[in-house]
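J.: Build me a model:
(chains A, B and C)
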Amino acid sequence: MKRTVFRNRWLPYALIAPQLAVTIAFFFWPAFDSLRLSLYRASPFGDRLIFIGLANFQRLLADPAYFRSVATSFVFSALVTFVGLAVALLLASLANAKIRGLAIYRTLLLWPYGIAPAVAGVIWMFVFHPSFGVLPYLLSFVTAYQFNWFLKGWVALVLIVVAAIWKQFGYNLAFYLAGLQAIPGSVLEAASVDGAGPIRRFFAITFPLLSPVTFFLFTLNMTFSFFDTFGLVHAVTQGGPGDATSILVFRAWKDGFEGLQLGYSAAQSVILMLLVVALTAAQFRFAEKKVTY
Amino acid sequence: MAATSRVASAGAVATAELAGHLPAARRRDMSGVIAHAILVASVVVLAFPLYYAFVISTQTLDEVTSLPPKLVPSTHMLQNYADAWVRAKMGRLLLNSAIVALAVAFGKIAISLLSAFAIVYFNFRGKQVVFWMIFITLMLPVPVRIVSTYQVVSVLGWVDTYWGLTVPLLASATGTFLFRQYYQTIPDSLAEAAQLDGAGPLRFLWSFLLPLSKANIAALFVILFVYGWNDYLWPLIVTNSPEMRTAVIGIDSLIPRTSQLPEWNVAMAAAMMVLLPPVVVIVVMQRWFVKGLIETEK
Amino acid sequence: MKRSTVSVLVAVVLLAALPATSRAATEIQFWHAMTSVLGERVGEMAAKFNASQSDYVVKAVHKGSYPETLTAAVAAYRAKQPPHIVQVYEVGTQTMLSSGAVYPVYQLMKDHGVAMDWNDLIGPVKSYYSTGGNLYSMAFNSSTPILFYNKDLFKKAGLPDKAPTTWDEVESMAKKLHGAGVKCAFSSGWPSWVLVENMHGYHDQPFADHANGFDGLATTLKINGPFGVKMMEILARGAKEGWFTYGGRLNKAEALMTAGECGIFTTSSAYIGNLTRASEGKFTWGTGSLPRLSGFPQGNSIIGGATLWVMKGAKPEEYKGVAQFFKYVASTENQAWWAGVTGYLPLTNAAAKALEASGHYAKNPNQKTAVSQMNTGKTTPNSQGIRLGNFTSIRDAIEEQMENIFSGAKTPKQGLDDAVAKSSEILKEFAALYK
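T.: Got it, this is the predicted structure:
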């Protein structure tokens, strides 16, 4: 690719300097330091720093509570991603027709993106409130079961899943709608002429053609639910009741900033790092292989 | 990276669709009526919790704690909002959030523009290394390095300051990446013509590239503003004093917990005040917002 | 220039000059975690001290919750800019003691020639924060758990207006309340602190080895002995039969009492302030001492709350100011005022007597409950306090197992054994730091 290049010795360095400076100081240095700190046992005030090799990791991997947290994170992310995408796809399919005003609908669907997960959590906290919330009130007509998220772990988990899906929903729906509208009508027409019913057409043609969008939304929702939902958990459940909503990122924060066990928390961060790298790698692998265009 | 550009182009097409410019005939089995019904229902379901929160924010304490829940706004709105404003010192909190959001948005745009320009239009030693360094930052979000970033900030003495709140958020290079992708699509002839005219690199950047980048800048602005405004984990860690907290974490003191009175009306008033600015930015700048979402996708 | 302009300019200059003169006084940074009414009182205490002299200005800064305030102090210390005084919750005591970052209070007062009658401190407060008879941190807001009961619900269940004094009474009264349709017959805030830590001290039972950590770093908990198991069996039975409602960790359960749903409730005496405000016009309530379990000796309840620690790294003249501030805070007059407006325990016996004499306790009998409870108890090695490293994580571990016991997932003995095992691991981690 021919590229017009300016000849200047020092200018490019000056131009990239700010970005590099900030990135080195606040990304690379902390990332390496996290790796380093995870190999130490550190006292809160910094007066003791003892090298212990992989002991922090051994402690984590031997702790059933940590595995519960891993499970909770995966369950949470799976629910947010799969339920969120499935419902969005279903509704988008049903709403996919030649209509006017899509731009208006788009605006009306995308605005929840601007709500912080924590604020979404606060709103849903009240909707779910065992004593005053509208949801338990309505459910009380159907069953006597106490949907008290203060005490019942699974209810608390449902609460944060709902708040997270709600926040992401319009976004997922908008993208699926756009993806569906981009599918040429001729392809589907040809299929129906061939005798394929609507469901068959969906799974044989529509869904594969939507794979870029699905893939994109899948990655986005997974990343969001693993990391950006910290605020949601911190504001609403604080990881409880018990450790029912103690997702990995929340645990890492808690052990480091409340328990003041810095090395132990850094080890958890390192594991999270590996998780992200694995996710990103899988993302690209999968993209090259399965996504059909 | 091929994947991302393919997704980007699929998304670009999708945007065009969303914008209402539908191509040739769309024949499906569902009628337009059902489509409208579904979309309207989705909008209503999405909006309901917000509406409910708004209603709560206008009620008195007694109304909040009584069942069945009322779904029509009540009369106590001004008192609740004033209450929330005073008790959580919302004025200061909103100011802090605005400072962080704007500083992150403008700061990131500025340094990304410059570094993307350098990467695309110059050849210099270490260019590939720099590029990869920047690319890697896309992979590790803040929560993964909180303890160490905090240590760096505290050694700098930036804990509980605006510097500490904003600068670390500039570290990841999403903006640089975005502008780089964009600059690579600009025809070489433009730069050649500028050089022939005697324009130096900076002049080229200022007079030619910048105006062309307006759409991308707007897109990035919306994404970054919302990100900076809504960021939770980092402000929580790096600030201690109530005056330095941002709005999303500052309202924590108003959320009724345990032994306090269940003043959800005041809490919802605060929530409404906090969510309004980023939502307004999205609504007003929605065209660029959609563009930005597709192009950044991270 | 117009006369009005000149006068405005003069006023501006004078106003600008005013802060400058008070800035000449030495500033003392005091970081605390008190919110709303209590936070205002802290500010008032500092303001009164500042007004009483002109050499020092204490700046009381709210830094967040207890854990957040501690983390902030840690970060500041590491950045070599620590506050002079930081309020740390009792759970952080061992962390502070082991840190090497503190200036012990007894040393501070001695070095600056401020005489304090250490013997007048009320027993449990003194013992918790002393090592070798010397006070390391300044007691500031101490509370102890007591029992609260909802008089209206008692009437509804046909119970006499009298607080239960034994666990047998709690059980029988709670059963009656439950039978009368009360949603939460008995519950408790701070489950581990009240029902495990305090119950052990209250009955002179050891909570951890090495005299609860006072005779050296503790290595294991002792809560799975016969006493601990018996306590949990009562509560597990209550949970199963429905007369004990588990309300969550920390003080989450207080919401139930605040809502007027609980008949009998145990939690920190510091809850009095909030309950008074919340119950006004809604229901009436009373207090009593913690219930006793028969067949076990008399100990004492344990202090909770927080103390003020002095951080190293400041200048000598600033420490002088800190010493003066502490002297001010500990004076009988100020202690009586502080305890009176907050409901916390008065630091000294002299202050308690002053409150009695002024009729304050006659007007606020509920505030006296905690003091009386402490005075009737016996301070023994098992009830002087608890010092554990990583105590936050340990409390978490205990409460997690308590939840398992109350939900029926584990038997009391099993749950307690698991709590002991998990805690031992946490304690080992801490001890390994200071080998």
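
J.: does any part of stretch A:56-71 sit near chain B?
T.: No: using CB under 8 Å from any CB of the partner chain, stretch A:56-71 stays clear of chain B, coming no nearer than 12.1 Å. Quick note: C-beta positions are derived from backbone N, CA and C, even for glycine.

J.: who touches that stretch?
T.: By CB atoms under 8 Å, 6 or more residues apart in numbering or on different chains, the residues outside stretch A:56-71 that reach it are A:38-39, A:41, A:243, A:246-248, A:251, A:263-264, A:266-268, A:270-271, C:400, C:425, C:429.

J.: ok, now with 10 Å
T.: With contacts defined as CB atoms under 10 Å, 6 or more residues apart in numbering or on different chains, stretch A:56-71 is touched by A:37-41, A:52, A:54, A:239, A:242-252, A:255, A:261, A:263-268, A:270-271, A:275, C:396-397, C:400, C:422, C:425, C:429.

J.: Any idea how many residues pack against C:Lys80?
T.: Residues lying near C:Lys80 (other CB atoms under 10 Å in any protein chain shown) number 10.

J.: swap in B:Leu212?
T.: B:Leu212: 13 neighbours (other CB under 10 Å).

J.: same check, this time on B:Ser66
T.: By other CB under 10 Å, neighbour count at B:Ser66 equals 12.

J.: Using the three-state scheme, assign the nearest residue to it once chain neighbours are set aside.
T.: Nearest non-adjacent residue to B:Ser66, counting by CB to CB, 6 or more residues apart in numbering or on different chains: A:Phe132, 7.9 Å away. At A:Phe132 the chain is in coil, as set by DSSP: H, G, I helix; E, B strand; the rest coil.

J.: Same question for the one 5 residues further on.
T.: For A:Tyr137, the secondary-structure state derived from three-state DSSP is helix.

J.: In this structure it contacts B:Lys70, no?
T.: No: A:Tyr137 lies out of contact with B:Lys70 (CB atoms under 10 Å); the separation is 11.4 Å.

J.: Would you map out the domains in chain C?
T.: C:21-143+C:304-357, C:145-302+C:383-433 (automatic domain parsing).

J.: Any residue of the first one touching chain A?
T.: Pointing back at domain C:21-143+C:304-357 there. Yes: judged by CB under 10 Å from any CB of the partner chain, domain C:21-143+C:304-357 comes into contact with chain A through C:65-68, C:70-71, C:73-75, C:77-78, C:82, C:92, C:95-96, C:98-102, C:311-312.

J.: Touching, B:Arg87 and B:Ile255? I think so.
T.: No: when contacts are counted by CB under 10 Å, B:Arg87 is not listed as touching B:Ile255 (11.8 Å).

J.: any residues in contact with both of the two?
T.: B:Glu263, B:Val266, B:Ala270.

J.: what residues are up against the second one?
T.: Going by CB under 10 Å, 6+ apart, B:Val266 touches B:56-57, B:61, B:64, B:76, B:79-88, B:251, B:254-256.

J.: Quick one: residues contacting A:Leu159.
T.: Residues counted as contacts of A:Leu159 (CB under 10 Å, 6+ apart) are A:121, A:124-125, A:127-128, A:133, A:135, A:147, A:149, A:232, A:236-237, A:245.

J.: Give me the pLDDT for it.
T.: Looking at A:Leu159, its pLDDT is 90.

J.: What of A:Ala97?
T.: 69.

J.: Point out the residues in the stretch 151-298 of chain B that sit beside chain C.
T.: B:151, B:153-160, B:236-243, B:245, B:249, B:252-253, B:256-262.

J.: ok, the spatially most central residue of chain B - contacts?
T.: Centroid-nearest residue in chain B, with CA atoms, centre = their mean: B:Val226, separated by 2.2 Å. B:Val226 makes contacts with A:113-116, B:101, B:105, B:277-279, B:281-282, B:289, B:292, as judged by CB under 10 Å, 6+ apart.

J.: ok, these vs C:Asp117, which is closest?
T.: A:Ala116 (52.7 Å; CB to CB).

J.: Please identify the nearest residue in space to that closest one, excluding sequence neighbours.
T.: Using CB to CB, 6+ apart, the closest residue to A:Ala116 is B:Asn230 (3.6 Å).

J.: quick one: C:Asn141 is in a strand?
T.: Yes: judged by three-state DSSP, C:Asn141 forms part of a strand.

J.: element containing A:Asn148, please.
T.: Following DSSP states H and E, there is no helix or strand that holds A:Asn148.

J.: got a list of what the residue nearest the centre of chain C touches?
T.: In chain C, the residue lying closest to the centroid (CA atoms, centre = their mean) is C:Gly305, at 1.5 Å. Neighbouring residues of C:Gly305 by CB under 10 Å, 6+ apart: C:66, C:87, C:89-90, C:125, C:128, C:139-144, C:268-270, C:344-345.

J.: Take the residues you listed and keep only those in helices.
T.: C:Tyr66, C:Val125, C:Tyr128 (DSSP state H).

J.: on that earlier part again, ok, of the contacts of B:Val266, which come out buried?
T.: B:56-57, B:64, B:76, B:80-81, B:83-85, B:88, B:251, B:254-256 (16 or more other CB atoms under 10 Å in any protein chain shown).

J.: how about JSON lines for these, with pLDDT and secondary structure added?
T.: Supplementary listing: the buried ones among the contacts of B:Val266 in JSON lines, determined by pLDDT from 0 to 100; DSSP: H, G, I helix; E, B strand; the rest coil:
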{"residue": "B:Ile56", "pLDDT": "87", "secondary structure": "helix"}
{"residue": "B:Ser57", "pLDDT": "87", "secondary structure": "coil"}
{"residue": "B:Val64", "pLDDT": "78", "secondary structure": "helix"}
{"residue": "B:His76", "pLDDT": "81", "secondary structure": "coil"}
{"residue": "B:Asn80", "pLDDT": "86", "secondary structure": "helix"}
{"residue": "B:Tyr81", "pLDDT": "89", "secondary structure": "helix"}
{"residue": "B:Asp83", "pLDDT": "86", "secondary structure": "helix"}
{"residue": "B:Ala84", "pLDDT": "86", "secondary structure": "helix"}
{"residue": "B:Trp85", "pLDDT": "89", "secondary structure": "helix"}
{"residue": "B:Ala88", "pLDDT": "81", "secondary structure": "coil"}
{"residue": "B:Ile251", "pLDDT": "79", "secondary structure": "helix"}
{"residue": "B:Leu254", "pLDDT": "78", "secondary structure": "helix"}
{"residue": "B:Ile255", "pLDDT": "78", "secondary structure": "coil"}
{"residue": "B:Pro256", "pLDDT": "73", "secondary structure": "coil"}
